[in-house]
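[1] Let's see this in three dimensions:
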Amino acid sequence: MSLGASTIPYLNMDGRGRAWNFAIGCENPESVCACAARCWARRQCRRLKNRCRLCYEFVPHVHLDRLDDVTPRQQPYVIGVGFKTDLFAPTKWAVVDRKTRKGEWSSERVVQELMAGLARCPQHVFVLLTKRPDRIPAGIEWPENVWGGTSVCRASDLPKVDQLLAAGFAHTWLSLEPLYEAVSVRAALMSGTDPGLCECGKRHGFTRCPNYGGFAPTNDESGCTEFRRVNYAIDFVTLGGDSAASGPPMHPDWVRRVRDDCVAAGVPFDFKQWGAWAPTGPLSAPQCVVDATSGRVFDLEDIEGMAACQREVGETNWRGQVMYRVGKKVAGRVLDGREHRAVPAAWRITANADCGLGNAE
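    Numbers count the residues shown, from 1 in each chain. Here you go, the predicted model:
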């Protein structure tokens, strides 16, 4: 078995993205994972019925034959880890070796195997994603080339950001996908205990300011003209709508708010997709109206419902947007006339030669 080419756009900007799916399956309930009923990973694994029964059933399990898919001799890649599971959520894992069941592992054993793979391959950039940052074991010394991320779908998920920052990753990122309501990530992007290190080597009294992430033209406190942030709170944000046909629409103002937060903090922002619904489309497409403030969705004919919502949130706060269900391929990823595809510089990996990694699942 070899590493598969990543199908996630922000991991594969330069064709150097790969997926290390040594663990698959998840048991997160909808109270933890807002999109559990329409899980992308579960839908992907449904295609594997004839190849792996546990994958098809989405039972948390480890493939022993995939643990050695990452090796020190490979050319550098950006490798997504945990995108078809939640490495820190299950307490017990089934273990299989080429479809043969080999017993059971604890969550501690899975983390040990993960750390072994990360440690032996410093040339790669490993990108981890979890919906349960509260379950990341304390005291782990994560390598510098590991990026820890968590999912935020609603405002109620924002406490996960503090849990992620407390886990000790050198680099952190957020996946706001699918986004189901308005959230503000500015506090997460512009907070932190380390004020940063200046070109002259002095630390300044800033925590975060709009100049973080770039260069400040002047700095009266130190007299330095080139103040640079070197320690981020959140280093990267990606955002997308629900791609399932039955998923709800995403209001454009929710996307703009996160984009503007990232611009203010100088943090790379990637708008992955609108999902099944887009703010433009043919009149023949199914349509609805979504309110930015309440997040409620209405049929076009539900005039009374929209009027009641407008009275509830206040006339000045009502921002209804007509959305068109055109499917994710047609909906695309254009926001306000352009695509937003920024990624961290460390993820821009090039190599002189390919190391023969295939496109296996």
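
[2] Do a quick rundown of the helices in the chain.
    40-45, 53-57, 107-119, 159-165, 186-189, 252-265, 303-313, 328-331 (DSSP state H).

[3] The second one - contacts with which helices or strands?
    Using 3 or more C-beta pairs under 8 Å, 6 or more residues apart in numbering; DSSP states H and E, no helix or strand is in contact with helix 53-57. Any C-beta I mention is one placed from the backbone N, CA and C, and that applies to glycine too.

[4] So which bits of that helix are buried?
    Leu54, Cys55, Tyr56 (16 or more other C-beta atoms under 10 Å).

[5] Next up, the contacts around the second one.
    Contacts here follow C-beta atoms under 8 Å, 6 or more residues apart in numbering; on that basis Cys55 touches Ile24, Gly25, Cys45, Leu48, His61.

[6] which one among these gets closest to Phe126?
    The nearest member of these to Phe126, counting by C-beta to C-beta, is Ile24 at 17.1 Å.

[7] so where's the stretch 251-361 of the chain uncertain?
    Along the stretch 251-361 of the chain, the parts satisfying pLDDT under 70 run over 350-361.

[8] roughly how far apart are the residue lying closest to Gly332 once chain neighbours are set aside and Ala285?
    Using C-beta to C-beta, 6 or more residues apart in numbering and skipping residues adjacent in sequence, the residue nearest Gly332 is Trp274, 6.5 Å away. Trp274 is 13 Å from Ala285, where distance means C-beta to C-beta, to the nearest Å.

[9] hang on, the earlier thing: verify the contact between the residue nearest to Gly332 and Gly247 for me.
    No: using C-beta atoms under 8 Å, Trp274 is not in contact with Gly247, being 10.8 Å away.

[10] of the two, who's got more company?
    Trp274 (28 against 19; other C-beta atoms under 10 Å).

[11] check contacts around that one.
    By C-beta under 8 Å, 6+ apart, the contact set of Trp274 is Gly240, Gly241, Met250, Lys328, Ala331, Gly332, Arg333.

[12] quick check, nearest of the contacts of Cys55 to Phe88?
    Gly25 (13.3 Å).

[13] nearest residue to that closest one other than its sequence neighbours?
    The nearest residue in space to Gly25 (C-beta to C-beta, 6+ apart) is Pro60, at 3.9 Å.

[14] Kindly report the same for Pro137.
    In space, and not counting its chain neighbours, Pro137 is closest to Val111: 6.1 Å by C-beta to C-beta, 6+ apart.

[15] now stretch 19-32, how far from the chain's geometric center?
    14 Å (C-alpha atoms, centre = their mean, to the nearest Å).

[16] From Arg333, how far out is Ala292?
    19 Å.

[17] again with Pro178
    Distance of Pro178 to Arg333, computed by C-beta to C-beta: 14 Å.

[18] okay, and for the stretch 1-150 of the chain, where does confidence drop off?
    Low-confidence segments of the stretch 1-150 of the chain (pLDDT under 70): 1-2, 31.

[19] can you pull out the strands in it?
    Per DSSP state E, counting those that start in this stretch, the stretch 1-150 of the chain carries strands over the ranges 4-5, 17-20, 23-24, 61-63, 78-81, 92-97, 100-106, 125-130, 146-151.

[20] helices or strands next to the fourth one in the packing?
    Other elements packing on strand 61-63 under the criterion 3+ C-beta pairs under 8 Å, 6+ apart are strand 23-24, strand 92-97.

[21] Now render the ones you listed as TSV, adding distance to Val152 and mean neighbour count.
    Output for those, formatted as TSV (distance: least, C-beta to C-beta, whole Å; neighbours: other C-beta atoms under 10 Å):
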stretch	distance to Val152	mean neighbour count
strand 23-24	22	25
strand 92-97	26	17
